[in-house]
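Trainee: Make a model of this:
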Amino acid sequence: MEEEVIKKIISVLAIITLFAGLFGMFFTLPFLWSAHMEDLVGAGFPFVGGAILFASGLLTLGIMYRK
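Mentor: Numbers count the residues shown, from 1 in each chain. As a prediction, this is how the structure comes out:
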C-alpha cells in the first residue's frame, strides 16, 4: 500500500514538473526572437531550464510506467 502512495506522489510531481517546464519554455519563447543580447541571454537560460524540467518530468514518467 505504501509503495502505491509513493508512486502516485512521484507521478503527480513528475506531471507538475513537466507542465512547469513547458510553461517556462512557452513563456520565454517570444524573447528568443529579440535582437537585443540582454533579451537573448535573459530568455535563453530559463528556456534551457524549462527544457531540462520538461525532459526530467518526461523521463520520470517513462521510468515509472515501464513494465
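
Trainee: For the rest of this, base every contact and every neighbour count on C-alpha atoms.
Mentor: OK.

Trainee: which helix in this protein runs the most residues?
Mentor: helix 37-65 (DSSP state H).

Trainee: and it, what does it pack onto?
Mentor: With contacts taken as 3 or more Cα pairs under 8 Å, 6 or more residues apart in numbering; DSSP states H and E, helix 37-65 sits against helix 2-28.

Trainee: what angle separates the longest helix of the chain from helix 2-28?
Mentor: 160 degrees (axes from the mean of the first three to the mean of the last three Cα atoms, to 10 degrees).

Trainee: Buried residues, helix 37-65. List them.
Mentor: Neighbour-count burial for helix 37-65 flags 40, 43-44, 46-47, 50-58, 60-61 (criterion: 16 or more other Cα atoms under 10 Å).

Trainee: again with stretch 5-12
Mentor: Those would be 10-11, for stretch 5-12 by 16+ other Cα under 10 Å.

Trainee: what's next to it, contact-wise?
Mentor: Residues from elsewhere that reach stretch 5-12 (Cα atoms under 8 Å, 6 or more residues apart in numbering): 60-61, 64.

Trainee: Low-confidence ranges, this protein, go.
Mentor: For the chain, applying pLDDT under 70 flags the ranges 67.

Trainee: Ends of stretch 25-36, what's the gap?
Mentor: Stretch 25-36 has an end-to-end distance of 19 Å (criterion: Cα to Cα, to the nearest Å).

Trainee: Give me the contact list for it.
Mentor: Under Cα under 8 Å, 6+ apart, the answer for stretch 25-36 is 39-40, 43-44, 46-48, 50-51.

Trainee: try it again with 7 Å
Mentor: 39-40, 43-44, 47, 50-51 (Cα atoms under 7 Å, 6 or more residues apart in numbering).
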